[in-house]
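Asks: dropping a prediction and its sequence here:
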Amino acid sequence: MDRLWSELKRQAARVEGRPMGRLFEDEGRARRYSRSLGDMLFDFSKTQLDDDAMAVLLDLARAAEVEARRDAMFGGAKINETEGRAVLHTALRAEAGPILVDGQDVLPGVRATRARMADFADKVRSGEIKGAGGAYTDVVNIGIGGSDLGPAMATLALAPFHDGPRVHYVSNVDGAHIHDTLQGLDPTRTLVIVASKTFTTIETMTNADTARDWMARAVAEPASQFAALSSATDRTGAYGIDASRVFGFEDWVGGRYSMWGPIGLGLMLAIGPGRFEEFLAGGRAMDDHFRSAALSDNLPVLLALVGIWHNQGQGHATRAVLPYDQRLARLPAYLQQLEMESNGKRVAMDGRDLPVESGPVVWGEPGTNGQHAFYQLIHQGTRVIPCEFLVAAEGHEPELAHHHRLLVANCLAQSEALMRGRSLDEARALMAARGLEGAELERQARHRVFPGNRPSTTLIYRRLTPHVLGQIIALYEHRVFVEGVILGINSFDQWGVELGKELAKALEPVLAGEDPGAGKDGSTLALVAFARGG
Ligand SMILES: O=P(O)(O)OC[C@H]1O[C@](O)(CO)[C@@H](O)[C@@H]1O
């Protein structure tokens, strides 16, 4: 691997500063540097990748044994080595079995739980299962991280398919979040879902207690209007939630990969079990592709290789995810957890330091909003920020087709502008056309130069349906997996979130004035003193 990492850097140095636009003198480039699958097209031609660089990246994938690792994951091997667990979120959307963990086929259990979820969702949606005041009008999902970001993102994404109760998501322990969400809701017609794999997460349990108190003021038996999504069925029972409304999953489903099973109940309630099945089918279609396509034609592998090229190869530490799709507004936040919790690690599986940078900083906002905010830096800042655009060819509002045309035009224009840039001569011509001359022309022109050569990829899909969303999410999941395999990382643990949690627990009594905080640093103690008003 070490030789290949050096070779990758050498390739990056070779192409540095090369005018990217010239690559299109090869008329076949757009075709050769894009792949389609079903209703989507992934274009990675507006990058500095060329055949030699691709060859090194593919060699890296082969040397890391991506295909064998992939098969091990799908086959139920315990590839999450630091926790001794299999990684089988794909089983939540699988059709064909058996899928064995410790010699047991997990599919019958997955199907049985999904059937229970569907039955519950149908009955809530029809009003057969109802609250003290009648059919449920609202559902409040309380969870955080993987128990919130995926279903919250997907529920917003699939708004055109909502035909059930309104579904709200509360995650933050900041009381403002639950306060503002519950305000205006009728507790007698609200279903609360407590979504927590462990059923111990302090934010979730604090919010659940607050929701229970709120409900208890209007409902004699508040627990009867609670459901739980958790692996910890002993704890859900102790919380008073009847087993018929508890939907469990196994330890081989990681939090940030869990929206395909019980954690997706909020989404299922919003769009119905039939549409939820379409979402699963989309994920499954991507699984089938990932398992069967050659590395060089494999969408998740290609996304991963482009990511590795930009980050570990060219040294661009961040990646902007820019959905030109308002309903994908939460996609960047969802991907932040998926990518940064999975691949934000400095130690490889074998305990050694990584020889290259870990996964990138992922961030973004929907276009066109971002254009009027941070794109200035993307176009003219000193750093290069590889951009990932996502856009639907068609919107869901035929009467607003002119909006959609503008949206798509803006998306495509951005990737074109990033690549082409504007030279000093072009800027001078522009200023001359506006009547400037001499030193003033020169001065103004310099501010209007765009360096160009800035890489981007575009994922374009026909329409954002449940099936397409399932494909997109599975595409990103597998991309993160492939990047992790190439880096030698265990993408499925998250030890980096623990220290802060432990310290917060110890600080609470200090803030309450019950503990002097002996041994704490001066900064922390001063902040505590301010918070306590002294
Ligand atoms: O579902 P739980 O157990 O409440 O955990 C929530 C989230 O907390 C984390 O463990 C990180 O703090 C995530 O990985 C997980 O998605």
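Replies: Everything's here; your move. Numbering: from 1, shown residues only.
Asks: near the ligand, which residues of the stretch 151-300 of the chain are found?
Replies: Taking C-beta under 6 Å from any ligand atom as the criterion, the stretch 151-300 of the chain approaches the ligand at residues 196-198, 201, 204, 255-256. Using the backbone N, CA and C atoms, a C-beta is placed for each residue, glycine as well.
Asks: mind listing the helices for the stretch 1-150 of the chain?
Replies: Secondary structure of the stretch 1-150 of the chain (DSSP state H, counting those that start in this stretch): helices at 2-15, 29-32, 51-63, 66-74, 107-126, 149-157.
Asks: try the stretch 401-534 of the chain
Replies: Ranges of helices in the stretch 401-534 of the chain, per DSSP H, counting those that start in this stretch, are 401-420, 424-433, 438-447, 466-487, 498-511, 522-531.
Asks: quick one: distance of the fifth one to the chain centre.
Replies: Helix 498-511 sits 28 Å away from the centroid of its parent chain (C-alpha atoms, centre = their mean, to the nearest Å).
Asks: could you do the third one as well?
Replies: Once both centres are worked out by C-alpha atoms, centre = their mean, helix 438-447 turns out to sit 43 Å from its chain's centre.
Asks: average model confidence for it?
Replies: The pLDDT scores in helix 438-447 average 97.
Asks: give the buried residues for that helix.
Replies: Residues of helix 438-447 classed as buried: 441, 445 (neighbour count, 16 or more other C-beta atoms under 10 Å).
Asks: what does the first one give?
Replies: Residues of helix 401-420 classed as buried under the neighbour-count rule (16+ other C-beta under 10 Å) are 404, 407-408, 411-412, 414-415, 417-420.
Asks: spell out which residues of the protein are next to the ligand.
Replies: Taking C-beta under 6 Å from any ligand atom as the criterion, the neighbours of the ligand within the chain are 144-147, 196-198, 201, 204, 255-256, 341, 494, 497.
Asks: among these, name the buried ones.
Replies: Here, 16+ other C-beta under 10 Å leaves 144-147, 196-197, 201, 204, 255-256, 341, 494 buried among those.
Asks: just these: which has the poorest pLDDT?
Replies: Among those, residue 197 has the weakest pLDDT, 91.
Asks: what helix or strand does that one sit in?
Replies: Using DSSP states H and E, residue 197 is not contained in any helix or strand.
Asks: residue contacts, it?
Replies: 146-147, 230-232, 249, 253, 255, 258, 263 (C-beta atoms under 8 Å, 6 or more residues apart in numbering).
Asks: for it, give its distance to residue 259.
Replies: Separation of residue 197 from residue 259 (C-beta to C-beta, to the nearest Å): 12 Å.
Asks: common neighbours of these two, please.
Replies: Common neighbours of residue 197 and residue 259 (C-beta under 8 Å, 6+ apart) are residue 146.
Asks: in this protein, which residue is most central in space?
Replies: For the chain, residue 335 is the residue whose C-alpha lies nearest the centre (C-alpha atoms, centre = their mean; 2.2 Å).
Asks: picking up where we left off before, which two from the contacts of residue 197 end up farthest apart in space?
Replies: Pairwise distances across the contacts of residue 197 peak at 14.8 Å for 146 and 232 (criterion: C-beta to C-beta).
Asks: distance between stretch 52-64 and the chain's centre?
Replies: 26 Å.
Asks: name the residues of it that are buried.
Replies: For stretch 52-64, by 16+ other C-beta under 10 Å, it's 53-54, 56-58, 60-61, 64.
Asks: so residue 194, which of the three states?
Replies: strand (DSSP: H, G, I helix; E, B strand; the rest coil).
Asks: distance of residue 213 relative to residue 35?
Replies: Noted for residue 213: a distance of 53 Å to residue 35, by C-beta to C-beta.
Asks: care to break the protein down by domain?
Replies: Domain assignment of the chain by the TED database yields the ranges 1-75+278-420+455-493, 99-271, 496-532.
Asks: if we can go back for a sec, will you turn the contacts of residue 197 into a markdown table that also has secondary structure?
Replies: Shown next, in a markdown table, are the contacts of residue 197 (three-state DSSP):
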| residue | secondary structure |
| --- | --- |
| 146 | helix |
| 147 | helix |
| 230 | coil |
| 231 | coil |
| 232 | coil |
| 249 | coil |
| 253 | coil |
| 255 | helix |
| 258 | coil |
| 263 | helix |
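Asks: between the residues you listed, which is nearest residue 185?
Replies: residue 147 (20.3 Å).
Asks: in the sheet, who's paired with the residue nearest to that closest one when sequence neighbours are not counted?
Replies: Spatial nearest neighbour of residue 147, chain neighbours left out: residue 195 (4.0 Å); criterion: C-beta to C-beta, 6 or more residues apart in numbering. Beta-bridge pairing of residue 195 under DSSP bridges involves residue 229.
Asks: so that it lines up with my notes, have the first residue be 10 from now on.
Replies: Noted, 10 is the first residue going forward, which turns the last one into residue 204.
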